[in-house]
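**Q** Predicted model, plus sequence, below.
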Amino acid sequence: MLAIIGAMTTVAVPHTEPTSPRLPGDLAIWFFILAEMLAFAVFFASYAFARASDPALFNLYQQTLDRNAGALNTLLLITGSWFVVLAVQAAHRDDQSAVPRHIALGMLCGAGFLVVKVFEYAEKFGAGITLSTNTFYMFYISLTFFHFMHVILGMVILGVIWKQARKGAYRPGECNGLESGAAYWHMVDLLWIILFPLVYVMR
């Protein structure tokens, strides 16, 4: 985590924007993202295997989930990613006032996601549901909480970027840290887009 935040705060050496396609952000963040996605892929595959072993149980308890809350959280994360994209675009055109503003709006969407998820957890835990209740709830709690922690880390990264953006750290040719943080946030968004239909919707 410290290595990621360090990449966000590194002052890039000014250079001419390349005309050929390039991978945005640091290469290290992409290795980290690939490792995280691999971990989730194993989790998703385990869920699919368990579901195939007992579809009736999964279908029954899946109906106890709040799909509206899940859909709202999907909208919040997609909107948050859109604001982060706007922040990167603003940095590339040297609109210094817009960069921190869009990052803050992205963080607000992330905070909204966490609030909705906390209410979901409160309802389930209040009903006495735990990891040991059954196989479906074990996967539901484990998967969503694993993602929940990634959203928190993503917000910490956005917070560091926001602080740097207020100092005018991100300008055309100096957006490496911003792009690295944006890439991580988009990963968090993408994982939820897979997780939501897999756990809440697909039967």
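**A** Happy to help now that I have it.
**Q** quick one, helices of the chain?
**A** Applying DSSP state H to the chain gives helices spanning 2-9, 27-53, 55-62, 67-92, 98-126, 135-166, 176-196.
**Q** And for Lys167, the neighbour number?
**A** Neighbours of Lys167 under the rule other C-beta atoms under 10 Å: 10. Placement of C-beta: from N, CA and C, glycine included.
**Q** actually Ser53, not the one I typed
**A** Ser53 has 10 neighbouring residues, counting by other C-beta under 10 Å.
**Q** Residue ranges in this protein under the pLDDT threshold?
**A** By pLDDT under 70, the weakly predicted segments of the chain are 1-23, 25.
**Q** still on that earlier bit, could you dump the helices of the chain into JSON lines and include distance to Arg203?
**A** Shown next, in JSON lines, are the helices of the chain (distance: least, C-beta to C-beta, whole Å):
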{"stretch": "helix 2-9", "distance to Arg203": "37"}
{"stretch": "helix 27-53", "distance to Arg203": "9"}
{"stretch": "helix 55-62", "distance to Arg203": "5"}
{"stretch": "helix 67-92", "distance to Arg203": "12"}
{"stretch": "helix 98-126", "distance to Arg203": "19"}
{"stretch": "helix 135-166", "distance to Arg203": "12"}
{"stretch": "helix 176-196", "distance to Arg203": "14"}
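**Q** and those helices, which is most packed in?
**A** Neighbour counts (mean count of other C-beta atoms under 10 Å) averaged over each of those peak at helix 176-196, with a mean of 23.
**Q** That one versus helix 27-53: what angle between them?
**A** 0 degrees (axes from the mean of the first three to the mean of the last three C-alpha atoms, to 10 degrees).
**Q** by contact count, what packs against helix 176-196?
**A** Contacts defined by 3 or more C-beta pairs under 8 Å, 6 or more residues apart in numbering; DSSP states H and E place helix 176-196 against helix 2-9, helix 27-53, helix 67-92, helix 98-126, helix 135-166.
**Q** Tell me which other helices or strands the longest one touches.
**A** In this case it means helix 135-166. Checked by 3+ C-beta pairs under 8 Å, 6+ apart, helix 135-166 has helix 2-9, helix 27-53, helix 55-62, helix 67-92, helix 98-126, helix 176-196 packed alongside it.
**Q** which other helices and strands contact the longest one?
**A** Right, the one you point to is helix 98-126. Using 3+ C-beta pairs under 8 Å, 6+ apart: helix 98-126 touches helix 67-92, helix 135-166, helix 176-196.
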